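Engineer: Sequence isn't available, so here's the structure alone:
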């Protein structure tokens, strides 16, 4: 069965600090997709990144970077030089391509507070 | 390109009533998924529709149902509302399979059952 664990329920850092959000997943499939979403106070989930299981290359997008390690089943998300606007709940999610149900499973989310 | 829209944004209903929520996907997107978000259970998958057909359904009772129209707009219906149905209901659209393509979410409908 697929499972996504975000062990950090809440994190607070001071603005300009770097912060890493952890995501550990479980799946028996060899082909799967991992996602990160941001949910600001407005409530609308914002897509950040999608990564397939065959692409372990780390990705950087501005202040955001993602570290995908199949050996540890982790897909961690780092925000460099955090800003107050980064305050939100961040969700990691998993979708198994071979899963006939083809549904996406979300972690419980990490609430990130960036303090000015 | 317009994003996913959901109506209404807020809704207050009484226990036992039924409710219908609407979702208009991004133009060109044929897959629409629905999720329930509560503080206790987090984000849970309800069902997904593709080309007017329900592709799969999460672990929710039969009181939760949905449909998709030929223009890809989708509605979700909850009958015999219970207090525990109070939640933020999110709709997401994607080009096709939710696994192969990223989903784009609407702002949600916040349902309060009293």
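Structural biologist: Right, received. Where do you want to start? In this text the structure is predicted, and so the values were computed from the model without any measurement. Numbers count the residues shown, from 1 in each chain, chains lettered A, B, ... in the order given.
Engineer: Residue B:55 and residue A:31: what is the separation?
Structural biologist: The spacing between residue B:55 and residue A:31, counted by CB to CB, to the nearest Å, is 18 Å. (Each C-beta comes from the backbone N, C-alpha and C, glycine too.)
Engineer: Compare these two (neighbour count), which wins?
Structural biologist: residue B:55 (17 against 14; other CB atoms under 10 Å in any protein chain shown).
Engineer: who's in contact with the more buried one?
Structural biologist: A:102, B:31, B:47, B:48, B:49 (CB atoms under 8 Å, 6 or more residues apart in numbering or on different chains).
Engineer: Pick out the lowest-pLDDT one from these.
Structural biologist: Within the set of the contacts of residue B:55, pLDDT is lowest for residue A:102 (52).
Engineer: and the strand or helix carrying residue A:37, what's its mean pLDDT?
Structural biologist: Taking DSSP states H and E as the criterion, residue A:37 maps to strand A:32-39. What strand A:32-39 shows for mean pLDDT is 93.
Engineer: Give me the distance from it to the chain's centre.
Structural biologist: Counting by CA atoms, centre = their mean, to the nearest Å, strand A:32-39 is centred 5 Å from the centre of its parent chain.
Engineer: Now do the buried residues in whichever helix or strand comes after it.
Structural biologist: Of the helices and strands lying after strand A:32-39 in sequence (DSSP H and E), the nearest is strand A:46-52. Going by neighbour count (16 or more other CB atoms under 10 Å in any protein chain shown), the buried part of strand A:46-52 is A:47, A:48, A:49, A:50, A:51.
Engineer: Model confidence at the residue nearest to residue B:74 when sequence neighbours are not counted, what's the number?
Structural biologist: Here the nearest residue to residue B:74 in space, its sequence neighbours aside, is residue B:32; by CB to CB, 6 or more residues apart in numbering or on different chains that works out to 4.1 Å. On the pLDDT scale, residue B:32 is placed at 93.
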